[in-house]
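Visitor: with the input below, show me the fold.
(one chain, ligands or ions: 1)
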Amino acid sequence: KFQPATRMDGLALSEIVQISERAAELRAEGRDIVALSTGEPDFPTPPYVITAARDAALAGQTRYTPTAGTAMLRDAIAHRVGAARNNVIVSTGAKQVLANALMATLDPGDEVIIPAPYWTSYSDIVRLCQARTVTVPCQMTDGFKLSPKSLEQAITPHTRWLMLNSPSNPSGAVYSADEFVALAAVLERYPDVWVISDEIYQHLTYGEFASFAAVAPALKERVLTVNGVSKAWSMTGWRIGWGIGPSALIAAMTAVQGQFTSGASSVSQAGALAAILGDRALLAERCAVMKGRRDYVVSALNEMPGLQCAVPDGAFYAFPSCAGLLEDAGGPFDSDAAFCTWLLEEAGVALVPGRAFGLPGHVRLSFAYSDTELSDALARMAKALRGLT
Ligand code: PLP
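Guide: Next comes the predicted model:
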């Protein structure tokens, strides 16, 4: 009989996958379904990236690369932030950077502070490392952001990491430099707590962007900055992300990666190098398109009965509260998940319930879709919700 390892305990099929599978089933039955459930830009990878990757493959860059990434790519990443090559690891997506870091540092019983709502993989990777997630709920009224006070209350002698994500998936919240400085002031009193700052949505920020490591230089020796090409350059399938941090941590992460996957794809690394050295005008153009979609989606959501949506300052997700539709408020649904199931069956629109991100009472809608898909989905939602009253 198949017996999973104890580290698998509680590791369920993600709610995002479940929703997508149900949407696929309905489609197979002939229903017309619009899914706004995935976190992937609808733009193509820039052509200059594809050309560079093709040229690299034809020139023979098709062999194993050094485990931590090619010297050229690591240097280009390091150069942009004034770091050295040994402060950089290139991995198979930002996700593997996170997995390497947690695998290299966590022992059973260790704690990781994760402000909610958070990207679902954070807590699942912590679970696979047999460590414990300490969730700190951050409500819409607080901008979905962690306050210095709640941070301090969550720290215990077992805390190893604080995981920050700005701009955030799923809330779109962006921390200002001052907000980061205030969190850093708390952390200065706890020298054993390290910080992961996941900045994968950096180039999809609609106002100012602050990088934690840059505004908290006193913590430099215990910050891992995570970034990559997946979102800004529409390169999700190329699987290239990177971590920038203290060399001893990077060396330990490289040792982990060396046993799981070795160096990331050579051809993808050549593509990523072209992306980060290439013309940045395209990023600004794409960010402006996303901003237009954000404004449209947020105002449409705020006109729907029972929903209340804050304006996301980054990333491409709206995370409205559906509290007005839940039983406590006299509404018909007993949970955000029940609302999502109803919306899928009734209106053919797939969203993800907030509880998947550790903050129930909300739903996540990705606006990384075409204007036609967005207006179709929002019209269906508005119609279905009006039918409830
Ligand atoms: N971090 C966050 C917050 C994300 O939303 C995602 C993707 O959804 C990732 C990391 C993973 O990025 P990658 O595709 O480069 O592994």
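Visitor: what segments of the stretch 51-200 of the chain are strands?
Guide: Ranges of strands in the stretch 51-200 of the chain, per DSSP state E, counting those that start in this stretch, are 88-91, 111-116, 132-137, 159-165, 194-198.
Visitor: what's the most buried one of the ones you listed?
Guide: Among the strands of the stretch 51-200 of the chain, ranked by average contacts under mean count of other C-beta atoms under 10 Å, first place goes to strand 88-91 (a mean of 28). All C-beta atoms are positioned from the backbone trio N, CA, C, and that covers glycine.
Visitor: which outside residues touch that strand?
Guide: 68-70, 73-74, 77-78, 97, 100, 240-244, 250, 253-254, 257, 261, 263-264, 269, 272 (C-beta atoms under 8 Å, 6 or more residues apart in numbering).
Visitor: try 7 Å
Guide: With contacts defined as C-beta atoms under 7 Å, 6 or more residues apart in numbering, strand 88-91 is touched by 68-69, 73-74, 77-78, 97, 100, 240-244, 250, 253-254, 257, 264, 269.
Visitor: for this structure, which residue occupies the most central location?
Guide: Nearest to the centroid of the C-alpha atoms of the chain, with distances taken as C-alpha atoms, centre = their mean, sits Asn169, at 4.5 Å.
Visitor: for it, which non-adjacent residue is spatially closest?
Guide: Excluding the flanking residues, the one nearest Asn169 by C-beta to C-beta, 6 or more residues apart in numbering is Trp119, at 4.7 Å.
Visitor: pLDDT at the one you found, what is it?
Guide: Here, the pLDDT recorded for Trp119 equals 96.
Visitor: against Asn165, how distant is the closest residue to Gly69 other than its chain neighbours?
Guide: Take Gly69 and drop its neighbours on the chain: the residue closest to it by C-beta to C-beta, 6+ apart is Val90, 2.8 Å away. Distance from Val90 to Asn165, counting by C-beta to C-beta, to the nearest Å: 20 Å.
Visitor: from the contacts of strand 88-91, which are also near the ligand?
Guide: The subset of the contacts of strand 88-91 within reach of the ligand, by C-beta under 6 Å from any ligand atom, is Gly241.
Visitor: now the residue nearest to Asn169: how far from the ligand?
Guide: Per C-beta to the nearest ligand atom, to the nearest Å, Trp119 is found 4 Å from the ligand.
Visitor: mind checking how far Gly228 is from the ligand?
Guide: Look at Gly228 and the ligand: by C-beta to the nearest ligand atom, they are 4 Å apart.
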